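Chemist: Okay, here's the prediction I keep looking at, along with the sequence it came from:
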Amino acid sequence: MSILKTISARKLLATKLGSTKWAIPGLIPEGVTLLAGKPKLGKSWIALDLAVAVASGGRALGKIRVDRGRVLLLALEDSDKRIRSRLKLLGRPVNNRLEIAYSLERLDLGGLKTLDQWIRTHQNVRLVIIDTLGRVRPPISNRAAMYLEDTRIGSQLQKLATRHRISILVIHHTRKAGAMDVFDQVSGSTGLTGSVDTIAVLARSRNSSEATLSLTGRDIQEQELTLRFHSSCATWKLAGEAKFTRLSKERKSILRILRKSSIPLLPKQIAEATGLSSQSVRHLVLRLQKEGHVGNNEDHKYFITKDIHTVHTIHSENEYV
């Protein structure tokens, strides 16, 4: 029988622990970060930008200064020709600290050991990028096994990152169907999102140069950022913090009804006025309240907050607030 290892709370408080290491300060801490988004939205361009920035010790997303370190980019859906073309379009200095590979065994068939060996044999490794997870994850035989398999993959990558105190950025996809919570849009089960350290979701309308990057995690503040793609240099740049989340048509309809009403309304009354189901309204008003768009009173009735930005959102045709 194994012995359970423990540490007292007093000893823990007295123990000196190193501060969190960052690949990208404020965005990508040590551990595993899952970056998800729909196909062909620019995730790989972001990954390449971050890789070049860390390898050169430059600025990530055009603004965030990063410490220099070695980077491994696993461009598993690309080729020499494509990556070379993209590096030329970026037009930024590159060096030998950025190494690129186009193949890796499945994580359960030796891929994790290969990564561990590469990290051990290279100095000052700061960032490993896996683009994409689908190329190295084991096939899921049935939905019942998905949670356990997702948890196992996420946990193994997390242990690898913790062992070497590095950042691992994993590029992944979102579901075809949407979700009320932006982080529930990540493809797979909660076993995957629950086992990684940071989740980032990229959302962009087709033919739009602007995107929203939503982040949450154990070591970062939950936030939503606006990115802008500059086609002249094929680069994503940080445009600033989004003050409000993107609002769905359903949430906008709720805000319109509340704004028109002279008195606070119950969820049932909102449902009748909007044509939405009572269950959907209850969920949406709680989300709107959390975001600061609405408030409620002791009678559990909801009212719109006095916020000029919210009012602008309701009437604006601009998809991004």
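Modeler: Great, that's in hand.

Chemist: Break down the stretch 151-300 of the chain into its strands, ranges please.
Modeler: Remark: strands assigned in the stretch 151-300 of the chain by DSSP state E, counting those that start in this stretch are 167-173, 198-203, 210-217, 223-230, 235-241, 294-296.

Chemist: Ranked by average pLDDT, which of these falls at the bottom?
Modeler: Lowest mean pLDDT of the strands of the stretch 151-300 of the chain: strand 235-241, a mean of 80.

Chemist: follow-up on the earlier one: ranking the strands of the stretch 151-300 of the chain by burial, who's on top?
Modeler: Highest mean neighbour count of those: strand 167-173, a mean of 25 (counted as mean count of other Cβ atoms under 10 Å). Glycine gets a C-beta too; all of them are placed from N, C-alpha and C.

Chemist: Contacts for that one next, please.
Modeler: Strand 167-173 is contacted by residues 21-24, 28-39, 43-44, 47, 50, 126-134, 157, 160-161, 186-188, 192, 196 when judged by Cβ atoms under 8 Å, 6 or more residues apart in numbering.

Chemist: mind redoing it with 6 Å?
Modeler: 23, 28, 30, 32-36, 43, 47, 127-133, 157, 161, 187 (Cβ atoms under 6 Å, 6 or more residues apart in numbering).

Chemist: And the buried ones among those residues, selectable in PyMOL?
Modeler: To isolate the buried members of the contacts of strand 167-173 in PyMOL, using 16 or more other Cβ atoms under 10 Å:
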select buried, resi 23+28+30+32+33+34+35+36+43+47+127+128+129+130+131+132+133+157+161
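
Chemist: Go through the contacts of strand 167-173 and flag which are in strands.
Modeler: Assigned to strands by DSSP state E, the following of these qualify: Ala23, Ile28, Val32, Thr33, Leu34, Leu35, Ala36, Leu127, Val128, Ile129, Ile130, Asp131.

Chemist: Count the neighbours of Lys290 for me.
Modeler: Applying other Cβ atoms under 10 Å, we find 10 residues neighbouring Lys290.

Chemist: meant to ask about Gly110, not that
Modeler: Gly110, neighbours per other Cβ under 10 Å, totals 12.

Chemist: Ramachandran angles for it?
Modeler: Main-chain torsions, Gly110, degrees, to the nearest 10: phi 120, psi -10.

Chemist: show me the contacts for it.
Modeler: Gly110 makes no contacts at all, as judged by Cβ under 6 Å, 6+ apart.

Chemist: if you take the average position of this protein, which residue is closest to it?
Modeler: By Cα atoms, centre = their mean, the chain has its centre lying nearest to Ala200, at 0.3 Å.
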